[in-house]
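Peer 1: Generate coordinates for the sequence data below:
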Amino acid sequence: MVAHLNRGGRRRNPGRNLGAVRFNTGVSGEDATVLTADRGVYFSSNVRQRREELLNVSHKKRRMEPSELDDGLAQWIPVPDEDMEDPMDDVSEPPGAGEKHKRYESSDDPMNQWQLLKQLYLDSLLWHDGIGDRGLACALCHSEYTPGGSAEGRVRLFKCRMCGEFMQCKSCCVKGHERTPLHVVEEWNGDFWVQTDLKTLGLVYQLGHGGLRCVFPDNVLCTMIVMEHPYIHKIHFHYCNCARSDKIDNTCATFTTLETFRLQNVVGNMNVSDFVTAMERQTNATGSTGMDRVLSRYKELMRMTRQWSFLKRLKRSGRGHDKAGVAATRLG
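Peer 2: Sure thing, here's the model as predicted:
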């Protein structure tokens, strides 16, 4: 029900809400309905015309009897339980259903078993930090370790984290890593293991031949930083003069490193800064404390990851097989 005043006037400016009102529809008896609504009053810009209307009219819901509900369960009558048969009564139990299963502590409480052996595990960790039962001799040439001093002819012992725990003298270690310059080696100083690198031992990697000797090597000794997850290496290398060889930058990352970062970035939301920081600490734990210097390659790896992602998209979209080349790739 809406009351209009001054119908000829044009609605110009809404006024204020004067509150809720209750009114009757004018029908008496059982069909009478009381409605609740908001009354709005509007004035024209010259305040000479006014208009009223009812807003948000709320109709009172009529109560419905159960007989009027369209519900199939409205006339549901419960049935005594005695008349129902359980279909599961005819199912026979499998043999051994009532028997108690044998329990194993290794599956029920594996940490309890570990607690009984914690001293053995701790001894094993300390055993790997020392010589163990390997003896102070090279496992390849059987040269005996010469303790102390800085004599040129003394025998020094090393071990490689990637190759294994066996002892190696300097010559055997360098020769065995001609094709694997990114391994991490440690030297025994008589009391404990200290970290070193193959560059310090004199290893020079030959490019173009997979580490094998080159017939026409470049005699210029070059240095390069290689990021091989999870370590950052510094190596010496020679260029190859057998064929055309492009000069490379002094920093590079292996495919393994770039792919590892891509997966950690997608799965674990890893950023380049945290990724490089973890590699720096893995290479030298004291580098972050300022006691030692670790070569940071944050900006270089940031550029390489972007380039790697772009090249992978080109490869997967088949742009490498286009005769016109990558430059012919259209936008989008």
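
Peer 1: only C-alpha atoms for contact and neighbour calcs from this point on.
Peer 2: OK.

Peer 1: got the buried residues for the helix or strand where Gln264 lies?
Peer 2: For Gln264, the host element (DSSP states H and E) is helix 255-268. Buried residues in helix 255-268, defined by neighbour count with 16 or more other Cα atoms under 10 Å: 257-258, 261-262.

Peer 1: go on, stretch 208-225?
Peer 2: The neighbour-count criterion (16+ other Cα under 10 Å) identifies 208, 211, 214, 218, 223, 225 as the buried residues of stretch 208-225.

Peer 1: out of those, who's nearest Cys160?
Peer 2: Of all the buried residues of stretch 208-225, the one with the least separation from Cys160 (Cα to Cα) is Gly211, at 18.1 Å.

Peer 1: Let me know the secondary structure of Arg103.
Peer 2: coil (DSSP: H, G, I helix; E, B strand; the rest coil).

Peer 1: wait, what's in contact with it?
Peer 2: If you count contacts by Cα atoms under 8 Å, 6 or more residues apart in numbering, Arg103 has none.

Peer 1: same check, this time on the one 10 residues further on
Peer 2: Contact partners of Gln113, counting by Cα under 8 Å, 6+ apart, are 105-106.

Peer 1: helix, strand or coil for it?
Peer 2: Classified using three-state DSSP, Gln113 is helix.

Peer 1: And it, how far from Ser124?
Peer 2: 17 Å (Cα to Cα, to the nearest Å).

Peer 1: Met167 now?
Peer 2: Counting by Cα to Cα, the gap between Met167 and Ser124 amounts to 18 Å.

Peer 1: Give me the more crowded residue out of those two.
Peer 2: Applying other Cα atoms under 10 Å to Met167 and Ser124 shows that Met167 carries more neighbours, namely 27 against 12.

Peer 1: Wait, a strand at that one?
Peer 2: Yes - under the criterion used here (three-state DSSP), Met167 sits inside a strand.

Peer 1: check contacts around it.
Peer 2: Contacts were defined as Cα under 8 Å, 6+ apart; by that measure Met167 touches 134, 136-140, 157-159.

Peer 1: ok, and the most crowded of those residues?
Peer 2: Leu157 (28 neighbours).
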